[in-house]
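Visitor: Sequence first, predicted model second:
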Amino acid sequence: MSLPTLTLCRICHDADPALFGQVSEALQGAGVRARLQQVDCMSGCKRPQTLAVRQSGKTAYLFGEISAGDLPDLLTFLRLYRDSADGNFADARALGRLRFKAIARIPAEAG
């Protein structure tokens, strides 16, 4: 099974350069397996710092205004995402504040 990929933007004027390392440490500390990468821009500059989560065959998500304070909710999201067959959730309340930071939910390709 493929792993989810987390993509974090890095050049927004309000981007926190330490966030990439903090996300990496949180993933490792929680034993959550995922690929983590950075890109210069995902055109979410009105809601920096932007984070995309995607995995083959699952709905993809784009979040904005991500900070180190969102890491506990992000780990919860990743566990639920991992356990979901299609990347969708019946009840998003478990995601805490992260559910209010969603910019987009992109359906998986039809098989």
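Guide: That came through, no problem.
Visitor: Who's the closest spatial neighbour of Tyr61, skipping the chain neighbours?
Guide: Closest residue to Tyr61 apart from its sequence neighbours, by CB to CB, 6 or more residues apart in numbering: Val53 at 4.7 Å. Using the backbone N, CA and C atoms, a C-beta is placed for each residue, glycine as well.
Visitor: Kindly indicate whether that neighbour is helix, strand or coil.
Guide: Applying DSSP: H, G, I helix; E, B strand; the rest coil to Val53 yields a three-state assignment of strand.
Visitor: Kindly give the local confidence score, pLDDT, for it.
Guide: With respect to pLDDT, Val53 has a value of 98.
Visitor: quick one: contacts for it?
Guide: Contacts here follow CB atoms under 8 Å, 6 or more residues apart in numbering; on that basis Val53 touches 4-7, 60-61, 63, 77-78, 81.
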